[in-house]
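J.: below: sequence and its predicted model.
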Amino acid sequence: MKSSFDLSRRWRTTTALCIVSTLAIATASYGAERGRSSWDKRSHSHSGNHDQHDHDGGQDRNDHDGDDKGEASKTASPIKHVIILIGENRGLDHTFGVYRPKGAGQTISNLLSKGIVNEDGTPGPNFAQAQQFSVGTQPKFYIGAPNNAKFAYSAANAMPQPNTAGTPTTSSDTAPPFKTVAEASVEKDMDPADLDILTTGASSLPVNSLDTRVPGAGTLTGPFPLQGPNISDDDYTGDTTHRFFQAWQQQDCSIANATKDDPAGCKSDLFPFVMATYSATNKSQGNSMGFYNAEQEQAPVLKSLADRFTLSDNFHQSFQGGTGANHFMLGTGDAGFWSDGNGNAIAPPANVAIANPNPKAGTVNQYTVDGNFSACADVFQPGVQPIVSYLEHLPYAGEPNCKQRHYYMLNNVNPGFLPNGALAGGTTLPPQTVRTIGDALIEKKISWAYYGGAYNDAVALSNEAVAANPTSPSLGGAALTDPAHALGVAYCQISVPVCQVDHGRPRGSDGACQGYCGSDHGDPEQHPAFGVVRQARWSARRSSAELEGRSVRSLHAQRSRRPRRPSQAQGRDGRVHHLG
């Protein structure tokens with residue numbers, strides 16, 4: 001069924017703040033037929049001619065004469081490159097809630113298949129399965145709300161509504177959406193023909209106000225489509241929070257609620273409530289309940305990937321919460337902790353906030369201290385006991401794995417090294433000595449690369465910041481005096497654990513820096529350890545098939561500033577390796 005309103009504006013392939021990083025490992029590659037996604041067939045207001053790209057076989061004009069050093073590599077299988085694209089902040093139901101598998105006999109568990117919504121996004125026969133609740137005041141932090149204290153949202157008990165928290169009201173001269181394509185050209189990681197998508201999508205509404213572009217805003221009682229006459233998948237929408245204790249509480253997990261189909265007992269029914277109550281200043285409200293309609297031409301790039309490849313509807317998030325802790329887990333299989341910089345756990349200084357999610361007196365659920373660290377081996381620390389008790393009573397192995405006297409990082413904290421490898425100082429996460437995937441690859445003599453948008457500019461700013469103030473370097477301050485590299489402030493340091501865990505980058509047995517960290521507008525092939533991994537572009541209009549036989553980088557930094565659009569179903573599992 002096609003929509004009756006204008007969907008001609010394009011889906012932005014970015015996902016969120018500090019959205020994507022890329023790890024390319026020079027041992028494997030998969031082949032896939034080349035093709036164009038439905039995004040290519042949409043109109044582009046400033047797009048130029050994309051057909052020329054298709055006529056030349058999709059080859060990047062910046063390729064090094066088409067020579068691929070990988071062709072000369074000897075591998076044990078036909079696979080030569082492994083490419084990992086890390087996208088975040090969008091759950092399955094948020095992006096694929098209304099999606100039907102393309103292949104015969106294929107199934108998916110989503111909003112549509114469960115009858116929670118119809119194909120046009122309207123409430124389905126089982127809409128009540130996505131019922132959200134408010135909770136009465138409790139004396140301490142909880143992750144499984146008492147059933148007698150839960151109250152269903154309804155016309156009489158209004159659900160927090162979608163709003164414009166973090167949404168740009170108008171275009172800007174200095175940040176997306178830009179006023180002109182010329183201003184957007186500060187972004188160097190995109191094909192110039194696609195820069196027009198950095199000029200659209202402003203809300204024209206005040207920040208932190210009801211998002212009246214969403215049909216029914218003001219009266220919504222459950223999941224709602226980000227689709228209508230005044231809103232499409234091209235528009236900026238409201239932000240929401242991804243933090244440790246908030247994520248646990250939103251999912252409302254209790255062994256008492258466990259069933260055969262849901263052995264974890266997680267109801268995922270407190271998403272708007274937690275966003276509206278945990279902080280006096282957070283304004284996320286009901287944004288987490290929004291979803292796109294892939295069956296009505298929304299998210300076409302991602303839909304084309306799902307149609308052609310494998311889509312998992314049962315992803316288990318490794319760490320509850322946001323970007324920093326999950327990327328650290330990706331790079332190390334571990335959790336970061338406060339240390340003396342030499343691998344020895346110590347208590348954080350007084351200016352580093354220790355989390356206390358117990359509610360403040362006189363509030364429904366406002367956290368006493370929304371901190372970034374917790375000594376989770378101590379069940380008497382605020383917020384720890386409910387989670388540990390839950391994990392220990394799961395019908396399968398689920399251990400906290402917290403070490404004594406370790407204060408683990410729960411939320412986004414910048415690493416102890418700047419992008420240039422210099423010490424960052426301040427309240428950043430101290431240098432870590434945990435083993436990384438980079439270490440493991442180096443030991444097997446496997447070359448690798450990890451890309452992050454605006455890395456080169458961030459290195460330049462880091463050098464200048466350290467020169468100006470070695471004990472307290474500021475990339476923001478350096479950007480003011482060096483506008484040519486100002487894009488470096490958009491580089492997401494929390495997304496690159498492989499490069500900034502131990503002395504800036506993983507090191508081999510001889511102490512030499514190995515592997516490669518960078519962005520695609522540098523020249524990674526000049527790096528001695530880079531091996532056969534090569535540059536590639538991932539522009540908004542390319543399909544994944546065009547990455548065949550190449551390495552990959554992150555999506556661009558400018559678009560990573562776009563407000564996050566997460567899912568109601570983010571990380572619904574209790575199978576946690578650490579307390580996170």
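T.: Yes, it's here.

J.: just to check, residue 398 is in contact with residue 391?
T.: Yes - using CB atoms under 8 Å as the test, residue 398 is close enough to residue 391 to be in contact (4.4 Å). Every residue, glycine included, has its C-beta placed from N, CA and C.

J.: can you show me the strands along the stretch 51-200 of the chain?
T.: In the stretch 51-200 of the chain, the strands defined using DSSP state E, counting those that start in this stretch lie at 82-86, 133-135, 150-152.

J.: nearest to residue 204, out of the ones you listed?
T.: Ranking these by proximity to residue 204 (CB to CB) places strand 133-135 first, at 30.8 Å.

J.: can you tell me the strand partners of that closest one and which way each runs?
T.: strand 150-152 (antiparallel) (DSSP bridges).

J.: I'd like the average pLDDT over the partner strand.
T.: Mean per-residue pLDDT for strand 150-152: 98.

J.: where does the prediction get shaky in the protein?
T.: For the chain, the stretches flagged by pLDDT under 70 are 1-75, 498-580.

J.: ok, now with 50
T.: Regions of the chain meeting the criterion pLDDT under 50 cover residues 1-22, 25-71, 503-514, 519-580.

J.: tell me where it has strands.
T.: Here the chain has its strands, by DSSP state E, at 21-25, 82-86, 133-135, 150-152, 224-225, 290-291, 356-359, 367-369, 373-374, 408-409, 448-451, 517-518.

J.: dump these into JSON lines; add mean neighbour count and distance to residue 460 as well.
T.: Below are these laid out as JSON lines (neighbours: other CB atoms under 10 Å; distance: least, CB to CB, whole Å):
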{"stretch": "strand 21-25", "mean neighbour count": "26", "distance to residue 460": "19"}
{"stretch": "strand 82-86", "mean neighbour count": "17", "distance to residue 460": "24"}
{"stretch": "strand 133-135", "mean neighbour count": "20", "distance to residue 460": "49"}
{"stretch": "strand 150-152", "mean neighbour count": "15", "distance to residue 460": "53"}
{"stretch": "strand 224-225", "mean neighbour count": "23", "distance to residue 460": "43"}
{"stretch": "strand 290-291", "mean neighbour count": "29", "distance to residue 460": "38"}
{"stretch": "strand 356-359", "mean neighbour count": "21", "distance to residue 460": "39"}
{"stretch": "strand 367-369", "mean neighbour count": "19", "distance to residue 460": "36"}
{"stretch": "strand 373-374", "mean neighbour count": "25", "distance to residue 460": "31"}
{"stretch": "strand 408-409", "mean neighbour count": "26", "distance to residue 460": "28"}
{"stretch": "strand 448-451", "mean neighbour count": "28", "distance to residue 460": "17"}
{"stretch": "strand 517-518", "mean neighbour count": "24", "distance to residue 460": "12"}
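
J.: want to throw those strands into JSON lines with distance to residue 463?
T.: What follows is those, written out as JSON lines (distance: least, CB to CB, whole Å):
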{"stretch": "strand 21-25", "distance to residue 463": "21"}
{"stretch": "strand 82-86", "distance to residue 463": "27"}
{"stretch": "strand 133-135", "distance to residue 463": "50"}
{"stretch": "strand 150-152", "distance to residue 463": "54"}
{"stretch": "strand 224-225", "distance to residue 463": "47"}
{"stretch": "strand 290-291", "distance to residue 463": "41"}
{"stretch": "strand 356-359", "distance to residue 463": "39"}
{"stretch": "strand 367-369", "distance to residue 463": "36"}
{"stretch": "strand 373-374", "distance to residue 463": "30"}
{"stretch": "strand 408-409", "distance to residue 463": "27"}
{"stretch": "strand 448-451", "distance to residue 463": "20"}
{"stretch": "strand 517-518", "distance to residue 463": "15"}
